[in-house]
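*Asks:* Sequence plus predicted model, see below.
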Amino acid sequence: MTETALASSIASFAAMVVDRAERHATLVDEGPDEQRIRVAQRITDFAKTTPLTPVYDTVIDLAGFGQARIHFRSEWDDYLLLAEGAESLGWPNHKAVAWARRQYLHAVEDQRELDEERGDGLLGYECMRDYLDLRIDAIIDDPEAKPDGGQQHSAAGDWLISRDRVFVMLLDSPWGKEFMSNVKPAMTHAVLGIWGDKLTEIPAVDLNGMPLGNVRDVLLDTHGMTKDEAMRRARRGPVVDGHFEDSGN
């Protein structure tokens with residue numbers, strides 16, 4: 001893709017993001033034109049260290065709880081729009097944005113540690129490719145917020161999130177508890193696949209230090225499922241009346 005074509009795609013995407021924000025929240029400080037320019041510039045700057053290719057025809061499943069479009073692809077990962085994923089999950093925008101900001105700050109700390117360990121005086125990007133704040137300036141009604149001038153608002157916005165971070169996003173979403181219940185057997189199979197019988201050599205103890213057996217037998221439960229059954233359950237979505245609702249995947 002030529003630089004001109006990429007710039008055009010980024011500009012169109014930025015317009016869509018701001019238009020979407022305007023429909024769901026109230027833009028503040030600057031109007032839509034200025035915010036479209038800023039969003040496009042944020043993506044352009046990000047692409048200098050993480051080259052991006054636009055994607056137009058890919059929708060991913062959010063473990064049966066929702067869906068999200070993939071908008072960009074790099075050699076490291078695919079990227080979805082946080083606001084679209086959050087809306088599909090029934091997650092209020094301001095809470096999803098707060099989650100992304102926390103995760104980004106953790107990534108900055110991790111990157112700083114890696115840079116210091118490397119000791120070459122350069123800034124790395126290994127940990128900085130998962131979250132891109134698009135810097136939408138907006139507010140949204142929030143009945144849980146502290147009153148401000150008689151109104152209750154929280155900051156809204158939007159981010160590009162890598163597909164690799166979807167697992168963490170789901171854990172912090174309103175479906176976190178159900179999602180964790182769904183994926184436990186699959187995670188157990190993954191651990192067993194890596195460590196296998198070695199786990200029988202590791203003792204498990206209770207809070208008082210009393211022996212309970214070995215880690216494999218005490219802590220790792222596949223619920224009697226095969227690996228394939230566990231993977232199907234991991235994608236089945238919400239728990240309804242104690243049963244798993246099949247998402248059709």
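*Replies:* Right, received. Where do you want to start?
*Asks:* what is the mean pLDDT for the longest helix that the chain contains?
*Replies:* Ranked by residue count and defined by DSSP state H, the top helix of the chain is helix 93-118. Averaged over helix 93-118, pLDDT sits at 96.
*Asks:* now do stretch 186-197
*Replies:* Mean pLDDT, stretch 186-197: 79.
*Asks:* and it, how far from the chain's centre?
*Replies:* 24 Å (CA atoms, centre = their mean, to the nearest Å).
*Asks:* Other residues contacting that stretch?
*Replies:* Contact with stretch 186-197 is made by Leu199, Arg216, Leu220, Asp221, Thr222, Met225, Lys227, Ala230, Met231, Arg233, Ala234, as judged by CB atoms under 8 Å, 6 or more residues apart in numbering. (C-beta placed from N, C-alpha, C; glycine too.)
*Asks:* what's the single longest strand in the chain?
*Replies:* Longest strand in the chain by number of residues, with DSSP state E as the criterion: strand 53-61.
*Asks:* Downstream of that one, the next helix or strand is which one?
*Replies:* Counting by DSSP states H and E, the next helix or strand C-terminal to strand 53-61 is strand 67-73.
*Asks:* the inter-axis angle of that following strand versus strand 53-61?
*Replies:* Computed by axes from the mean of the first three to the mean of the last three CA atoms, to 10 degrees, the angle separating strand 67-73 from strand 53-61 equals 160 degrees.
*Asks:* counting contacts, what elements does strand 67-73 pack onto?
*Replies:* On a contact count with 3 or more CB pairs under 8 Å, 6 or more residues apart in numbering; DSSP states H and E, strand 67-73 meets strand 53-61, strand 78-81, helix 82-89.
*Asks:* re the thing from before, can you give me the offset of the longest helix of the chain from its chain's centre?
*Replies:* On CA atoms, centre = their mean, the centre of helix 93-118 falls 12 Å from that of its chain.
*Asks:* Show me what counts as buried in that helix.
*Replies:* Asn93, His94, Lys95, Ala96, Val97, Trp99, Ala100, Gln103, Tyr104, Ala107, Gln111, Asp115 (16 or more other CB atoms under 10 Å).
*Asks:* With stretch 119-133 instead?
*Replies:* Buried residues in stretch 119-133 (16+ other CB under 10 Å): Cys127, Met128, Arg129, Asp130, Tyr131, Leu132, Asp133.
*Asks:* before we move on, the earlier item: just the contacts of stretch 186-197: which are in helices?
*Replies:* Using DSSP H to define helices, the subset of these located there is Arg216, Lys227, Ala230, Met231, Arg233, Ala234.
*Asks:* helices or strands up against the helix or strand hosting Lys48?
*Replies:* Using DSSP H and E, Lys48 maps to helix 32-49. Of the remaining helices and strands, those touching helix 32-49 by 3+ CB pairs under 8 Å, 6+ apart are helix 3-24, strand 131-133.
*Asks:* just those: most buried one?
*Replies:* When you average the neighbours per residue for each of those (mean count of other CB atoms under 10 Å), strand 131-133 leads with a mean of 21.
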